[in-house]
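>>> here is my input, please return the structure:
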Amino acid sequence: MAWTFDNNFPIYLQIMNRIKLQIISKQLKSGEKLPPVRELAAEAGVNPNTIQRALSDLEKEGFVYSQRTSGRFVTDNHDLILQSRQKLSQEELKNFVSTMEKFGYEAAELPSVVEQYLKGV
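Sure thing, here's the model as predicted:
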């Protein structure tokens, strides 16, 4: 089944973000081998060159590394993964706080709103 993409955002960046999120959320483990480019392209429903570009950029950022004849693997750099998780978390929290302020909440009210939500989950 092909992945769904937003037409307003380059596909290779969406693929990068998806793989990065899988690494940050530990769906892809450190040292785990990634599927071959053609397999990922078929799964995503995109041209292999698009996958290649996404993986090359992920390699430049340090999220994956390649071994000449063995393929690409998820980084063992736990600091990079932790920093990325924290950065993404901060962005999500910023969006959350901004949205809640638009709803009329004060910043001081947010901890109790979150606590009530978590109790209900």
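
>>> for the host helix or strand of residue 22, buried residues please.
Under the criterion of DSSP states H and E, residue 22 resides in helix 11-24. For helix 11-24, the buried set under the neighbour-count rule, 16 or more other C-beta atoms under 10 Å, comprises 11, 12, 14, 15, 16, 19, 20, 22, 23, 24. Every C-beta, even on glycine, is put in place using the N, C-alpha and C of the backbone.

>>> of those residues, closest to residue 109?
Comparing the buried residues of helix 11-24 against residue 109 with C-beta to C-beta places residue 24 closest, at 29.2 Å.

>>> just checking, the closest one touches residue 84?
Yes - between residue 24 and residue 84 there is a contact under C-beta atoms under 8 Å: 5.4 Å.

>>> where's the residue positioned nearest the centre of the chain relative to residue 100, distance?
For the chain, the residue nearest the mean C-alpha position is residue 21 (2.0 Å; C-alpha atoms, centre = their mean). Using C-beta to C-beta, to the nearest Å, one obtains 23 Å as the distance from residue 21 to residue 100.

>>> can you list the buried residues in the longest helix belonging to the chain?
Longest helix in the chain, counting residues (DSSP state H): helix 78-102. Residues of helix 78-102 classed as buried by neighbour count (16+ other C-beta under 10 Å): 81, 84, 100.

>>> and the helix holding residue 22, average pLDDT?
Mean per-residue pLDDT for helix 11-24: 96.

>>> same for that helix, what does it pack against?
helix 48-61, helix 78-102 (3 or more C-beta pairs under 8 Å, 6 or more residues apart in numbering; DSSP states H and E).

>>> nearest to residue 5, out of these?
Taking C-beta to C-beta, helix 48-61 is the member of the helices and strands packed on helix 11-24 nearest to residue 5, at 10.0 Å.

>>> parallel or antiparallel, which strands does the helix or strand just after that closest one pair with?
Per DSSP H and E, helix 48-61 leads on to strand 64-67 as the next helix or strand towards the C-terminus. Strand 64-67 has its sheet partners listed here by DSSP bridges as strand 71-74 (antiparallel).
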